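Colleague: prediction below, plus the sequence it came from.
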Amino acid sequence: MERSEVRSTLEELGWDPEWEAVASASGGVGRPARVTVVYQDRLAVLDDRGVRWAGLRGRLRRRQSDDPLAIPASGDWVVTAKNPGGGMDTVEALLPRRTCLIRQAAGRRTIPQVVAANVDTVFVVTTPNRDFNVRRVERYLAAIADGGGAAAVLLNKIDLTEDPELWLEQLRSLGEETPIYGLSAETGQGMEQLQAHLGLGRTVAFVGSSGVGKSSLINRLLGSERQVVGAIREEDDKGRHTTTHRELLPLGGGAEGMLIDTPGMRELQLWSEGSSVRETFEDIEAIAVGCRFRDCRHRREPGCAVRVAVAKGKLKKVRLAAFHKLLDDAATNQVQRVGSARIATRRRSRLARAERDEPSGVE
């Protein structure tokens, strides 16, 4: 891979004295760089010298088999060193993440997958058409809260509806803490609302289903047709996949911040123990202060203020149902995680015994 002409200072990439201290404590010797794209065991990393390839040191590769969260992701900070033998640089250390968006990876195994790392604000993008789903947005918000980042919801393509307010009002039912913006990547309407989340050293990420216009929004911010844009299928309003991998991109050379584009995700399986769900449903938690029991689950318990609020029309029944659904999913996920952890522990024990029993050699 040739070095890219893209240049960003470490400060523009988000490097600061706190990261410097973390890097010093990591024991890795080398230069800091930020992961832009992950291709299996190779990383494209960016620093003040540009973009280049880097490979993981052996001990870092071995960690990944036991801990999927040790797999680098777009947005991660790493310490790299030149390879004495030439070729790709070597990643000496993966620095602990400040925030991360995690989902349960697709497939039969119950393992986590980091979608984006060290993101200040995650933009959840949706559109006013048949793919609009408030419950899906709630799931995204719970995952973002679990990873420690801030969230904002973008209703894109408002130029395609006669009354955007009808759609925005549904999104505002998600709570007062999350900013809700109506905008159009096509016309540029409302794009200025994003500026409060951008700036030197800040990172934002875009998530949402295929076809909601994430790539168009990113192209508008970049000021160029950097990301491929696909059309919506007219028969069902569903989008075609255009972004095929997660990628960190600098805005204005990095001076205005960084952004991470992600592939469309129609389903997001939470990787959470439930605390983020309660944080996402702050309206229910506020009402729950009046419940008779502190551990009220708002199902059949007597003296439940939340169910009373539903009966009086002060809280929508579908909102409470969504709350229960996400808590149930988190509980099921936790059981699966414990089972997977036990299987992994047994596998490591078998491997350790096999290594001990293996003959050392033939005399």
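Modeller: Noted; the coordinates are in hand. Residues are numbered from 1 along each chain as shown.

Colleague: what's across from the residue positioned nearest the centre of the chain in the sheet?
Modeller: With distances taken as CA atoms, centre = their mean, the chain has Leu101 as the residue nearest its mean C-alpha position (2.8 Å). According to DSSP bridges, the residues that bridge with Leu101 are Ala116.

Colleague: correct me, but it touches Val207?
Modeller: Yes. The pair formed by Leu101 and Val207 meets the contact definition of CB atoms under 8 Å, at 7.1 Å. C-beta coordinates here come from the backbone N, C-alpha and C atoms, glycine included.

Colleague: my read is that Lys214 contacts Phe206, right?
Modeller: Yes. Applying CB under 8 Å, one finds Lys214 in contact with Phe206, separated by 4.3 Å.

Colleague: shared neighbours of these two, anything?
Modeller: Val125, Asp261, Thr262 (CB atoms under 8 Å, 6 or more residues apart in numbering).

Colleague: taking those residues one by one, which sit in strands?
Modeller: Judged by DSSP state E, strands contain the following of these: Val125, Asp261.

Colleague: could you dump the shared contacts of Lys214 and Phe206 into JSON lines with pLDDT, distance to Val78 and neighbour count added?
Modeller: JSON lines is the format used below for those (pLDDT from 0 to 100; distance: CB to CB, whole Å; neighbours: other CB atoms under 10 Å):
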{"residue": "Val125", "pLDDT": "95", "distance to Val78": "28", "neighbour count": "25"}
{"residue": "Asp261", "pLDDT": "92", "distance to Val78": "20", "neighbour count": "23"}
{"residue": "Thr262", "pLDDT": "89", "distance to Val78": "20", "neighbour count": "19"}
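
Colleague: which one among the shared contacts of Lys214 and Phe206 gets closest to His197?
Modeller: Taking CB to CB as the measure, Val125 is the one of the shared contacts of Lys214 and Phe206 closest to His197, at 13.3 Å.

Colleague: Glu279 versus that closest one, what's the distance?
Modeller: Val125 sits 21 Å away from Glu279, going by CB to CB, to the nearest Å.

Colleague: kindly report the same for Pro32.
Modeller: Separation of Pro32 from Glu279 (CB to CB): 32 Å.

Colleague: give me phi/psi at Asp89?
Modeller: Backbone torsions of Asp89, given as degrees, to the nearest 10, read phi -70, psi 160.

Colleague: neighbours around it, how many?
Modeller: 20 (other CB atoms under 10 Å).

Colleague: many thanks, we can stop here.
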